[in-house]
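Asks: I would like the atomic coordinates for the input below:
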Amino acid sequence: MTEPNNGATAGTAATPSTGSAASPVNSDSGGTHGAGATPSPAPSFRDSWPDEYKVDPVFKNFNSPEDLLKSYKHTASMVGVDKADIIRKPREGASEADWNQYYEQIGRPKTFGDYQPPKIDGVEFDAKLVNSWREEAHKLGYTQKQFEASLGFIGNLSKQEFELERAERDNMVREGEAKLREKWGSAYEEKVSAVRKAINLFGGVELQKFLDKTGVINNPMIADAFAALGEQSREDVAFGNSITSNAQRALTPTEAALEWNIKQQDKNFTDALFDKNHIGHEDAVNTRARLYTYMYPEKKK
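Replies: Got it, this is the predicted structure:
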């Protein structure tokens, strides 16, 4: 007897519907898992370890064989080291006592007074500066070497600035002297003597030190003023009446030219100068020669 056909033939069952929800394959995932399945964790080099080491928190931060080798090397290098020689830097939030202990371990002196300043040629440190820096350096945990380096930097910087200022001052002195020699001519030495006399009378040693230090005495205008004071105070009498006449003292080219002009306006002088038989002829010739010497110092032999 033939069985009735219920539509469930083998051919029909073997042909799945396209896009059927009952399909066991997720075409989007490319695999046999469902869309919401959790992916498997990435393999670790610790996977081959015994279980007791896999879960040990000591090894949780080792992510590669290199990490493990570096740690082992560091640990091996510490073997035999005295714990007292191991210095641990305090972490953030550590107490002042912890920091002080650390500073002393790295070499900070017991007290700030134990710091010794460096010795630098040509530099003399101010005592107040040194003491102030000692206190600050001790608070910062400086070692003796760090203290010397920091204070030495300041000292060398000051030395460089001083040497630069001295070079500028020496240059100013040379330029000022050259201008005064040109202005005063043959009277230079006598003018300098007058300047020194005025300084001694009106200021003494302290004024001399100040003028030497600053170099302002080589300013032609200042030097002229002091020279005038010195010339008026000859024989140590300030503004006295014992003023040396032009015939007795050296003259600047300007002073000599002024006196020569006056002499040329003096008939008695010109008569004596041009008359060989005049009783004053020799004196007039000598006066002219002396004034010419001061007027033209570059021709003086």
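
Asks: what's the offset of the helix ranked longest in the chain from the middle of its chain?
Replies: Ranked by number of residues, the top helix in the chain under DSSP state H is helix 144-184. Centroid separation for helix 144-184 versus its chain: 14 Å, with CA atoms, centre = their mean, to the nearest Å.

Asks: heading toward the C-terminus, what's the first helix or strand past that helix?
Replies: helix 188-202 (DSSP states H and E).

Asks: the strands in the chain, which residues?
Replies: In the chain, no strands are found when defined by DSSP state E.

Asks: Verify the stated contact: residue 120 with residue 153.
Replies: No: if you go by CB atoms under 8 Å, residue 120 and residue 153 don't touch, sitting 10.4 Å apart. In this view, the C-beta of every residue, glycine as well, is placed from N, C-alpha and C.

Asks: which one of the two has more residues nearby?
Replies: A side-by-side neighbour count of residue 120 and residue 153, using other CB atoms under 10 Å, places residue 120 first with 15 against 11.

Asks: how close does the more buried one get to residue 158?
Replies: As judged by CB to CB, to the nearest Å, residue 120 and residue 158 stand 9 Å apart.

Asks: ok, now residue 212?
Replies: With CB to CB as the criterion, residue 212 and residue 158 are 21 Å apart.

Asks: More neighbours: which of the two?
Replies: For residue 212 and residue 158, the more surrounded residue by other CB under 10 Å is residue 158, and the numbers stand at 17 against 14.

Asks: Would you mind confirming that that one makes contact with residue 122?
Replies: No: using CB under 8 Å, residue 158 is not in contact with residue 122; the gap is 9.8 Å.

Asks: and residue 269, how many neighbours?
Replies: Residues lying near residue 269 (other CB under 10 Å) number 17.

Asks: What are the neighbouring residues in contact with the nearest residue to residue 250 once chain neighbours are set aside?
Replies: Using CB to CB, 6 or more residues apart in numbering and skipping residues adjacent in sequence, the residue nearest residue 250 is residue 187, 3.6 Å away. Listed by CB atoms under 8 Å, 6 or more residues apart in numbering, the contact partners of residue 187 are 249-252, 255, 294.
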